[in-house]
Structures are given as structure tokens and as C-alpha cells.
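K.L.:
With the sequence up front, the predicted model follows.
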Amino acid sequence: MKNILVTGGNGQLGQSLQNLANAYPQFNLLFTDYQDLDITDAEALAAYFSARQIDACINCAAYTAVDKAEGDEDNAFLLNFQAVLSLAEICAQHNAQLLHVSTDYVFSGKQNVPYTEKDDTDPDSIYGASKVRGEAAAIGYNPDTIVIRTSWLYSEYAVNFAKRMQELMREKQELNVVFDQAGTPTYAGDLAKVILDILQYKAVNPDAALGGIYHYSNEGVTSWFDFAVAIKEMTGATTAVYPVTSDKYKTLAKRPAYSVLNKEKIKSTFGITIPYWRDSLAKCLKNK
Ligand SMILES: NC(=O)C1=CN([C@@H]2O[C@H](COP(=O)(O)OP(=O)(O)OC[C@H]3O[C@@H](n4cnc5c(N)ncnc54)[C@H](OP(=O)(O)O)[C@@H]3O)[C@@H](O)[C@H]2O)C=CC1
Ligand SMILES: Cc1cn([C@H]2C[C@H](O)[C@@H](COP(=O)(O)OP(=O)(O)O[C@H]3O[C@@H](C)C(=O)[C@@H](O)[C@H]3O)O2)c(=O)[nH]c1=O
């Protein structure tokens, strides 16, 4: 049985992994969050790894408050960069596979065709910049590290756009939502399954050179406005949802105008098929 450490285990991806743990009896998933394992504390990481055999680590811990990060750069970089470097070091020392998660916000969105793993990063936000440094630290320290870049993550858990929309639709008669930012929502339950399937693939192909960046989101393309309208329709909410341009919905951090991810690499490497975003949204809303 493989021992797999999950950091940030109470976040939305962490809870989605908890939900799937029983379906992967070959893995002993060790869920931690910052109360029991603060990944910014290198000594605590060293002690944790020394006390038990860790075969792989899924890093779900992150600073994900995109607007707050604009005024809190040091803490965003501490968690999204320095702590990732510490994790990469400790995983390399203990021969543990590190699987790290990153974001479409590493791109500015100037492109108008789906981003591949080979495209240059050019983040416009502190959050995006801190995640770029984290990716480079993880892979730079250990080229075997697998980094999955995902986008617009939502789930039944923690804080996310889909949950926020449902709350706002209960509270408000009308909502304005931006329609000039295009991307793809990703159901955290789908991402959690892919992560565990990749670790299973690695377990049966221990010598395969799999390190590097992979893009993963659900299939399809939409805008935050259309995502909100889909949530409204699927939940039967009566709130009026109006499309607005980004200059009419001011935020501290600039978001990419286009952040659709090309997923050919992850599909061909691991032989996976990916659900369409609307189908996964319907599944998530049914589960809540
Ligand atoms: N959310 C999104 O839309 C997207 C997320 N991603 C990436 O996916 C990954 C998972 O995101 P998601 O599940 O949404 O994130 P969440 O913010 O839901 O979860 C992050 C978790 O990390 C915990 N945490 C905070 N500080 C520490 C620390 N020092 N040590 C250990 N744990 C800590 C948080 O605890 P607490 O809440 O108590 O602070 C929280 O439980 C991240 O790498 C994120 O950048 C990528 C694209 C989209
Ligand atoms: C709540 C709300 C948001 N918006 C806009 C703001 C923003 O441009 C867009 C998305 O809103 P949010 O701020 O909720 O989402 P945001 O925090 O930008 O989501 C991002 O989180 C990080 C962690 C990621 O890695 C990204 O992939 C992405 O999922 O929708 C509206 O137009 N109307 C609204 O009522």
C-alpha cells in the first residue's frame, strides 16, 4: 500500500480527494491541513517525512484568494512558491513523487487559441506570478515532479464561484457577471479522480518519465457569465443575470481575458477522457 500525503486536505480539492479515497484502496491517503502540517514550516515537513514512509505527495495547499493576494504578496509567495520549494526538496530527499497543482492564471490571456504547456507564462496578478514561481521551483528542484495546471475549479466544498453564485442567487434579485473572460470550469471531483489515476499509472509504470506540466480542465469553453447562467438554469433560480464587461465589475486583480487550456498532452499520455463542463456542473449540483 502506498502512503500518499495530501497537504491542504480541507480545501475544495482536498475534500474532493477525501470523497474518493475509498475507491482507491491501494492508496493510504494521509490528509493534513495547516493545523497539523503547515507547509511553510520546513522543519515540520522534515519531521513529518522522517516519522513515516511517504511514497507520494499531492499538494493541495495554496494561497487562492486572488484579490487579497494583490495586497498580501509576501504571504502569497510564501505559500505558493517558498513552501512548494520546501516540499519539492523534502519529496526528492525521500524519493516521494510530488504532484503539484497550478492555475490558468499563469497566463495573461492575450492568446485566442487554447494554451499548451509550451506557451510562455505571463501572469497579470500576484496570485498568478506566485504560482509561476511555484511551478518552476517544483520542477526545477526535481524534474520528476508532475504539475497539473487547472482552471476555474469548483465543487460542493469550501469557497468557489459556483457556490458563491448559488448564495448570491438566493440573496439577490439581479446579478452582473463578466462575459469577456473566457475559460473552462473544472469540477474538483473530476480533477481529484485524474490525480489519483495518474498516481496509479505511475505506480504500475515506475520507470516512465512523466515529470512536467499537464493542463487539465473540463471540456468546452465558456465565460463566467454563461457559467452563472448555467447554474441559474440548473438550480431553477429566478435571479436576473446580466452580462457585463470586466471594466463594469472592478476587481483588485486582473483576470485573463482568455485562459482556455489545451489538454491534448494529459489525454494522450494517460489515455483519459474528460467530461464536458455542463455535465460535470449538473453532477456537482445534484450532489450538494
Ligand atoms: N480554486 C480555484 O479556482 C483554482 C485552484 N487552483 C489550484 O488548485 C489547488 C487547490 O485549490 P483549492 O482546493 O481551490 O484551494 P483551497 O483554497 O480550497 O484550499 C487550500 C487549502 O490549503 C490550506 N492551507 C492554507 N495555508 C496552508 C499551509 N501553510 N499549510 C497547509 N495548508 C494550508 C487552506 O486552509 P485554510 O482555508 O484554512 O486557509 C485550504 O484548506 C491550488 O494549488 C490552487 O492554486 C487552480 C485553478 C483554479
Ligand atoms: C462574484 C462575481 C464575480 N464576477 C467576476 C469576477 C471575476 O472576473 C470572475 C471570477 O470570479 P471569482 O473572483 O469568484 O473567481 P476567481 O477567484 O478569479 O477564480 C480563480 O481562482 C483562482 C484560485 C484560480 O486559480 C482561477 O483558475 C480561477 O478559478 O467573475 C462577476 O462578474 N460577478 C460576480 O457577482
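P.N.:
The structure has been received and is ready for your questions. Ligands and ions are numbered 1, 2, ... in the order given.
K.L.:
Identify the residue spatially nearest to G183, adjacent ones excluded.
P.N.:
If the residues on either side of it in the chain are set aside, G183 comes closest to S259, at 4.4 Å by Cβ to Cβ, 6 or more residues apart in numbering. (Each C-beta comes from the backbone N, C-alpha and C, glycine too.)
K.L.:
Same question for Q18.
P.N.:
Q18 sits nearest to F31 (Cβ to Cβ, 6+ apart), 6.0 Å away.
K.L.:
and the stretch 151-288 of the chain, which residues reach ligand 1?
P.N.:
Proximity of the stretch 151-288 of the chain to ligand 1 (Cβ under 6 Å from any ligand atom) is limited to residues 151-153, 158, 160.
K.L.:
With the stretch 1-150 of the chain instead?
P.N.:
7-8, 10-14, 33-34, 38-40, 60-62, 64, 79, 101, 103, 131, 150.
K.L.:
List buried residues within those residues.
P.N.:
Buried residues within these, counting neighbours by 16 or more other Cβ atoms under 10 Å: 7-8, 10-14, 33-34, 38-39, 60-62, 64, 79, 101, 103, 131, 150.
K.L.:
So which of these are in strands?
P.N.:
Per DSSP state E, strands hold the following members of those: 7, 101, 103, 150.
K.L.:
of these, closest to P143?
P.N.:
Using Cβ to Cβ, V101 comes nearest to P143 of these, at 17.7 Å.
K.L.:
How about the contacts made by the closest residue to the closest one other than its chain neighbours?
P.N.:
With sequence-adjacent residues excluded and distances taken as Cβ to Cβ, 6+ apart, V101 is closest to I148, at 5.5 Å. Contact analysis of I148 by Cβ atoms under 8 Å, 6 or more residues apart in numbering lists 99-102, 191, 194-195, 198, 213-216, 266.
K.L.:
Specify the beta-bridge partners of I148.
P.N.:
I148 has the following beta-bridge partners by DSSP bridges: V101, Y214.
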